[in-house]
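[1] model this:
(2 chains)
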Amino acid sequence: MARYDAGAAEPRWQAAWTEGRVFEVGDDDPRPPYYVLEMFPYPSGRIHMGHVRNYAMGDVVARTKMAQGFAVLHPMGWDAFGMPAENAAMERNSHPGTWTYDNIDAMRGQLKAMGLSFDWDREFATCDPDYYAQQQALFLDFLDADLLTRKSATVNWDPVDMTVLANEQVIDGCGWRSGAPVEKRELTQWFFRITDYAEELLAAIDTLDGWPEKVRTMQRNWIGKSHGLQMRFAIEPNGTAPDWTELEVYTTRPDTLYGMGFAAVSPEHPLAKALAGKVDGLAAFIEECRRLGTSEEALEKAEKRGFDTGLRVKHPFLDETFPVYVANFILMDYGTGAIFGCAAHDQRDLDFARKYGLKVVPVVCPPDADPATFEIGTEAYVGPGSIINSGFLDGMEIEAAKDAVARRLAADGMGEKTTNYRLRDWGLSRQRYWGCPIPVVHCPDCGIVPERKENLPVRLPDDVTFDRPGNPLERHATWKHVACPACGKDATRETDTMDTFVDSSWYFARFCSPRAETPTDRAAVDRWLPVDQYIGGIEHAILHLLYSRFFARAMVKTGHLSADAAEPFRALFTQGMVTHETYSRIVTSTEGVGREVYFSPDEITRDEDGTPRDPTGETLIVGPTIKMSKSKRNVVDPEDIIARYGADTARWFMLSDSPPERDVEWTEAGAEGAARHLQRVWRLVGEAAAKLDGDDAPATGAGALRKTTHRAIRAVTDDIAAFRFNKAVAQIYGLTNAIGGDRGQDLPALREAVETLILLMAPMTPHLAEEAWAALGHSRMVIETPWPDADPALLVDDTVTMPVQVNGKKRAEIEVAADAPKDVVEQAALAEDAVAKLLDGGSPRKVIVVPGRIVNVVL
RNA sequence: GCCCGAGUGGCGGAAUGGUAGACGCAGCGGAUUCAAAAUCCGCCGAUGGCAACAUCGUGGGGGUUCGAGUCCCCCCUCGGGCACCA
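    Residues are numbered from 1 along each chain as shown, chains lettered A, B, ... in the order given. Okay, here's the model as predicted:
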């Protein structure tokens, strides 16, 4: 039998599947429905190994479920709006749509070459007017249902390019293109009222038992529910802020009120603004804070700085006043944008207090410390303890003190208990062209007027230019000038478009009825949703998944989904990244400046001893193994791999070795090994087919090969269901080795083993499986063949081998009947030479027998 | 900075609190071959030992347990997220 020729076999079977329409699924399919979905890609132009891994996993799930008798919905599309298309348009002076659709064509071809079981009839791109028309309809329904609001938000503003910047376009506080220091600007923007659902989104996390615990934890923390106290401090008048009589703060630690050392407000706090013109230097300080950008990360990492406003607030229980600072680490979006600082029991407050020489009074004493001598050094104490130095609170535990403070302040009308969430409303307005237009019109008389549904979609104009920064919709000659849908007078369209997270927050629902004239077809979504298995990168653990959960609820409220689809993803799997070694050398410029230059894996050559060299023969340094990225050039192109080894090899390698949730390193040797295994299977099939010609008696008996076969069925079935693809692969290697080593004459058992091997491999290497299946004489395709069943009778053993430990160290092994009673096992263990020797005639203190597992003799 | 993960042979990794290193890759030895490729068989954590075997060994340090890679506490390193990247 000739070597397996993937290059010839793969396109042939892909054509056979397409012709048989085996991946297209209708809504009237009598089989039980199963919806498996991989996160759709951004059409960057080429698929990368991360896609190969993601889609190989989804394909295993889809094909296994098909074999197990389900009607499987397995769609694919394109997350096609976003900044890269605009950047490309600027660089090439072309249109984002041209670039995007060209990329989609290229990537579709690459995905098809992988032999994935997608129903391509359902494909769409989010930039298709048919898709965004329905998204605009959803927006209008959400507007009606009070799920949207408009309010002011801060954006990064590049004063040179006159454009809004994304956080990733702000580098060290400066615009990425202009290099100019970034400013903050306040714009009125649209927001989804996701905070109205904070409690529900939090509570429902408990029901998501098909999700990884770490993602559930991240979402809980992100929503950040806290119980605290909203309280007001009286401001001591000093003439600088005559309208301000009190300062309202939010705290989760009212028990530390006696430890107060200062109060602080955000630079964006109204009080800070009120004081800016009155206090020398404050305006400049606030201006400096604006330079930090809008990301929480930037604020948190910046050095903690503050500015004393000169204003003082009165302590509610003490006859004392404390300074009010404007501080760069106070977030306006959290609580009231103002805090009281207790330096002894909060690290940030302590750092701040030390820096500005403010009071540090410990008020919580650790259980093992002496209240008389307990002091705070450079580390705040955040643990449990009892209250000290705190008047009526002294001696209380923390929780009791919190209650006592809350009661007393409530009685005085100065504060009340509140529940607070860290979660903020979802700002969706973007000042960009390549996104879904927000379908509203601004009328001088009527205000904000929704576009009429019959006028949807509000289409993006094609005649736009990208020769300068800023939003082309804004400067387009005619596009924004329209008649008011309400009164017919001259009005202007909203020129903002939607955040691309909106596009990806409901695409899974659209796949159920991609050509419907409404956002969803209720019969279709009721049949398919929620998604049974969702697969994608861990980087989407919070935003995309949380927004989708909100969107599903909003779609329930507006009648586009049934209530039982409020949680859109029944099960979630987050896969790791694909990494590769890096190769570089330092190139010194004529000015003597060294620069690290990277080389890609297909550019390098290797010496006998493995030393890598660049094309000119210079020695290269092997750098760290990191996520494949263009900048480090450690990218392996799936197209090259498929051309060289075939799609099955790429898929097999991506699924073997590494646990799917962890990062996997692409290595040349690993790919070779995968290719070799596929050849070996092909050879074994050829040998078996020759022997088995004409013999089709059913396998009987309980020989070793049959036992191995049925154990493999059990293990692989379980491993695939639990996303342990690497272990499923190891089991398949085991079965392959057993077939290769089989010298028996039991041909029915051999046929059973080989056919089982092919069926178990089929979800991972579907082309090879079809080719082998045909070689074994089958006329029906594997894709139409049911999954094998394990015979329970072949899974049990009569005897077990048990290790015997003495004081926890293994000293012997015994072979006993599987159902042997404990005392029989104990006797057998004590009778072992090695054990008897260590016992030295004495008797053990204790013998622990764990049936079927282990014996431990304690001396 | 904050939140969430991960660290086991030369490498990827396996191990319901119960024999650490399954399976694969690389390497070494052998068979086959005129030779090579391909293939097949064997060995393969470290140290000591002819061997039987012994001791050590799961990022580092403590602890719980008859027994810890696994549970608890502290630390180190690497990765993901931080609301306008997708």
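[2] And the helix ranked longest in chain A, what's buried?
    When chain A is parsed with DSSP state H, its longest helix is helix A:668-692. Neighbour counts using 16 or more other Cβ atoms under 10 Å place A:670-671, A:674-675, A:677-678, A:680-682, A:684-686, A:688-689, A:692 of helix A:668-692 among the buried residues. (C-beta placed from N, C-alpha, C; glycine too.)
[3] What's the first helix or strand after the helix or strand A:Ala712 falls within?
    The secondary structure element spanning A:Ala712 is helix A:704-721 (assigned by DSSP states H and E). Sequence order places helix A:725-741 as the next helix or strand after helix A:704-721, per DSSP H and E.
[4] what angle separates that next one from helix A:704-721?
    If you take axes from the mean of the first three to the mean of the last three Cα atoms, to 10 degrees, helix A:725-741 sits at 160 degrees to helix A:704-721.
[5] about what we covered before: ok, the helix holding A:Ala712 near RNA strand B or not?
    No. Applying Cβ under 7 Å from any atom of the strand, one finds helix A:704-721 out of contact with RNA strand B, separated by at least 8.8 Å.
[6] What are the buried residues along that helix?
    Here helix A:704-721 shows A:705-717, A:719-720 as buried, counting by 16+ other Cβ under 10 Å.
[7] List the contacts of it.
    A:60-61, A:64, A:699, A:724-725, A:727-728, A:731-732, A:734-735, A:738-739, A:742, A:744, A:746, A:749-750, A:752-753, A:756-757, A:760, A:763, A:787-791, A:794-795 (Cβ atoms under 8 Å, 6 or more residues apart in numbering).
[8] The same query, at a cut-off of 7 Å, please.
    Residues outside helix A:704-721 that contact it (Cβ atoms under 7 Å, 6 or more residues apart in numbering): A:60, A:64, A:699, A:727-728, A:731-732, A:734-735, A:738, A:742, A:744, A:746, A:749-750, A:752-753, A:756, A:760, A:763, A:788-791, A:794-795.
[9] Contacting RNA strand B as well, which ones from those residues?
    Answer for the contacts of helix A:704-721 near RNA strand B (Cβ under 7 Å from any atom of the strand): A:Lys727, A:Gly734.
[10] Mark which of the contacts of helix A:704-721 are buried, thanks.
    Buried among the contacts of helix A:704-721 (16+ other Cβ under 10 Å): A:60, A:64, A:699, A:727-728, A:731-732, A:735, A:738, A:742, A:746, A:749-750, A:752-753, A:756, A:760, A:763, A:788, A:790, A:794.
[11] could you pull out the strands for the stretch 251-400 of chain A?
    Taking DSSP state E, counting those that start in this stretch as the test, the strands found in the stretch 251-400 of chain A are A:262-265, A:306-314, A:321-327, A:338-341, A:364-365, A:386-387.
[12] any idea of the mean pLDDT in stretch A:370-383?
    Stretch A:370-383 carries an average pLDDT of 82.
[13] Stretch A:567-579 too?
    89.
[14] what's the answer for stretch A:676-691, then?
    Here stretch A:676-691 scores 91 as its mean pLDDT.
[15] In PDB, list the C-alpha atoms belonging to that stretch.
    C-alpha atoms of stretch A:676-691 as PDB (Å, rounded to 0.1, in the frame of the first residue of the first chain):
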ATOM      1  CA  ARG A 676       4.600   9.900  11.200                       C
ATOM      2  CA  HIS A 677       1.800   8.500  13.400                       C
ATOM      3  CA  LEU A 678      -0.700   9.200  10.600                       C
ATOM      4  CA  GLN A 679       1.500   7.200   8.200                       C
ATOM      5  CA  ARG A 680       1.800   4.400  10.700                       C
ATOM      6  CA  VAL A 681      -2.000   4.200  11.100                       C
ATOM      7  CA  TRP A 682      -2.300   4.100   7.300                       C
ATOM      8  CA  ARG A 683       0.200   1.300   7.000                       C
ATOM      9  CA  LEU A 684      -1.500  -0.800   9.800                       C
ATOM     10  CA  VAL A 685      -4.900  -0.300   8.000                       C
ATOM     11  CA  GLY A 686      -3.300  -1.500   4.700                       C
ATOM     12  CA  GLU A 687      -1.800  -4.600   6.400                       C
ATOM     13  CA  ALA A 688      -5.100  -5.300   8.100                       C
ATOM     14  CA  ALA A 689      -7.200  -4.800   5.000                       C
ATOM     15  CA  ALA A 690      -5.000  -7.400   3.200                       C
ATOM     16  CA  LYS A 691      -5.500  -9.900   5.900                       C
END
